[in-house]
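1. Need a 3D model of the sequence below.
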Amino acid sequence: MMQKTKLSLMITTGLLAAALTGCGGSGDDLGPAVQDQPGGHLFGYYAESLDVNDPDPTVGGIYVDAPGGTGKIKGRMSFRYFDCQGGGVSSLPVSGSKFTSYITGAAEGDLDSDSSNYDTRKIALSFKVDYKRSDNRYDGDYTVNANDKNDERTINDCGITGDQTFTLARKGSLTLYPENTVFPTNFDIKQLNRIISWSNAPTSARKVLVNVINEAAIGDSNSNGIIYQQVANDLRLLATAIPANMVESGKEYILVVQLFDENNKPVAFKRIKTTF
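-> Numbers count the residues shown, from 1 in each chain. Now for the predicted structure:
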């Protein structure tokens, strides 16, 4: 009888272990349906789609303040229309919800609240990003809630010469990283006063996105925490300058540098805190 009981216990234990394995194991191996995924301050980018009728697909920055478990999120999504704006940042407030393994959100505001022609046509977009454990990031897509006509999303007669245009793409990809993310592992940000540079960039890098963020504003959707954004397609100088009128001397800011390949795919990311 004792042998039978022991054998039965071994079989039961084995079946339980197999069942746990099938459900994603235990501890850090638990699947996204069981374990809450990273929250806190999340930073990342959106990349306009290359497969829609858009003449100038670009990238921009986004940040989200999310709970550790499920709950509401707040944040900002930046827009800067090059050739239409000499400086500054248009940004849309982000709101939404964090679930166990994904985040959904929306952003709504003026098409352009920063350039001289101040285009107040409204735009609204929605997004959903799923947590990818292997990459430790949230990946997904966004869609602008407008019709397929480009003129509904185009700013005309702007820029220094007054004859420039910019078209906002209908859709694109969106990625959010936990704030301690660094890739490649040797990618580094260097600073000399307001001059920002980086080292160990992948050879595939063709575009840089730089965001300066006021950390105190991150948890408040009514405040624009993205005080400066720059996108550059020429990386030969491997440096960029933050304009003096955009930052306060001696104040601490969050600096995010992201690099992309020719198809707007991310190849490097790092976030630091710094003063100017």
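
2. Name whatever forms a beta bridge with D110.
-> K122 (DSSP bridges).

3. Over to T143?
-> S126, K171.

4. Please look at it and A169 and confirm they touch.
-> No: using Cβ atoms under 8 Å, T143 is not in contact with A169; the gap is 9.9 Å. Heads up, the C-betas are built off the backbone N, CA and C, glycines and all.

5. Looking at those two now, which is surrounded by more residues?
-> A169 (23 against 15; other Cβ atoms under 10 Å).

6. didn't that one look like it was pressed against E48?
-> Yes: look at A169 against E48 with Cβ under 8 Å: they come within range, at 3.6 Å.

7. so T175 is in which element?
-> Using DSSP states H and E, T175 sits within strand 171-178.

8. helices and strands around the helix or strand just after that strand, which ones?
-> Using DSSP H and E, the helix or strand that directly follows strand 171-178 along the chain is strand 188-192. Under the contact criterion of 3 or more Cβ pairs under 8 Å, 6 or more residues apart in numbering; DSSP states H and E, strand 188-192 touches strand 195-199, strand 252-260, strand 266-275.

9. Which among the ones you listed is found nearest to I213?
-> Closest approach to I213 among the helices and strands packed on strand 188-192 (Cβ to Cβ): strand 252-260, 4.2 Å.

10. Return the set of buried residues in the closest one.
-> Neighbour-count burial for strand 252-260 flags 253-260 (criterion: 16 or more other Cβ atoms under 10 Å).

11. Let's have the residues you listed in JSON lines, adding pLDDT and distance to N200.
-> Formatted as JSON lines, these follow (pLDDT from 0 to 100; distance: Cβ to Cβ, whole Å):
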{"residue": "Y253", "pLDDT": "96", "distance to N200": "23"}
{"residue": "I254", "pLDDT": "97", "distance to N200": "21"}
{"residue": "L255", "pLDDT": "97", "distance to N200": "17"}
{"residue": "V256", "pLDDT": "97", "distance to N200": "17"}
{"residue": "V257", "pLDDT": "97", "distance to N200": "12"}
{"residue": "Q258", "pLDDT": "97", "distance to N200": "14"}
{"residue": "L259", "pLDDT": "97", "distance to N200": "10"}
{"residue": "F260", "pLDDT": "96", "distance to N200": "16"}
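
12. now those in TSV, with distance to T185?
-> As requested, these are exported to TSV (distance: Cβ to Cβ, whole Å):
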residue	distance to T185
Y253	24
I254	20
L255	19
V256	17
V257	15
Q258	16
L259	14
F260	18
